[in-house]
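Give me coordinates for this.
(one chain, ligands or ions: 1)
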Amino acid sequence: MKKVCVLASGGFDSSALIADYLDRGWEVHPFYARSGFYWEKAELFWLRKFLLRLKSKKLKPLTVADVPMKWIMKDHWSMNGKGSPSSRAAWDSVYLPGRNLILLSQAGVYAATHGVPVVALGVLKGNPFADSRPKFLADMQSAINDALRARLKVVAPYTKRSKHQVGAIVAKLAKRFPLELTFSCLHPRGVKPCGKCSKCGRPAPSSSVLSSSTSADRRDMEWGRK
Ligand SMILES: [Zn+2]
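Presented below is the predicted three-dimensional model:
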């Protein structure tokens, strides 16, 4: 059976990737790194609900790796929630230094030591960050394989797709995609999204968009345009 470790954040993109792989018959090992970020309690709450709802025997239990970041982020907004970027903030305001470097190194070691030959990320078309680019992902794959004498593949199947296009993929899955259980917010109130932050301003496709949309919707769903 084909096996994949998917970096899961509870957001639309990585949740779509998990459901998509399951639909294609893969065994999926969801992987979450807990670093002490302000939104993690809410994120994990929704991610666990989402995974439960998928009700698939091919879905393995969520692995949560503790990778504390407080020592380097200190009083950054990502740690204390003070001054989280709003929906009008610059595109690069949500950048977290070394995020994918850390995530991939952890997930890579997990996958290589658990007989899972593929690590997948839900990176979409137009993601502007250096640690989401194909070269970086290829370099990480080499580094992990050199370090562990493994033959792991690091893949990002949605890099040529917009959020809308991923919406079209999940609309066609055999099982209904539990869109209402995906979550992405920098400043949740309890487990509810704040509605004001940069992530809330760039929502997942609505359920109606999952089945049909206008060209304006399509444009807005492109990474960073909304
Ligand atoms: Zn928010």
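
next one: phi and psi at Leu59?
phi -90, psi 120 (degrees, to the nearest 10).

Can you give me the distance of it to Leu52?
9 Å (Cβ to Cβ, to the nearest Å). For the C-beta atoms, the positions are set from N, CA and C on the backbone; glycine is no exception.

Spell out which parts of this protein neighbour the ion.
The chain has residues 185, 193-194, 197, 200 near the ion, with proximity defined as Cβ under 5 Å from the ion.

Rebuild these as TSV, extending it with secondary structure.
Below are the residues of the chain next to the ion laid out as TSV (DSSP: H, G, I helix; E, B strand; the rest coil):
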residue	secondary structure
Cys185	coil
Pro193	coil
Cys194	coil
Cys197	strand
Cys200	coil
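
Out of the residues you listed, the closest to Arg34 would be?
Among the residues of the chain next to the ion, Cys185 lies closest to Arg34 (Cβ to Cβ), at 16.5 Å.

Which secondary structure element is home to the residue nearest to the spatial centre of the chain?
Centre of the chain computed as the mean C-alpha position; nearest residue by Cα atoms, centre = their mean is Ser14, 3.7 Å away. In the assignment (DSSP states H and E), Ser14 maps to helix 12-23.

Contacts made by the helix or strand following that helix with the rest, please.
Sequence-wise, the next helix or strand downstream of helix 12-23 (DSSP H and E) is strand 27-34. Here strand 27-34 makes contact (Cβ atoms under 8 Å, 6 or more residues apart in numbering) with 1-10, 18, 21-22, 40, 44, 47, 51, 56, 58-60, 62-67, 102-103, 106-107, 110-111, 114, 116, 119.
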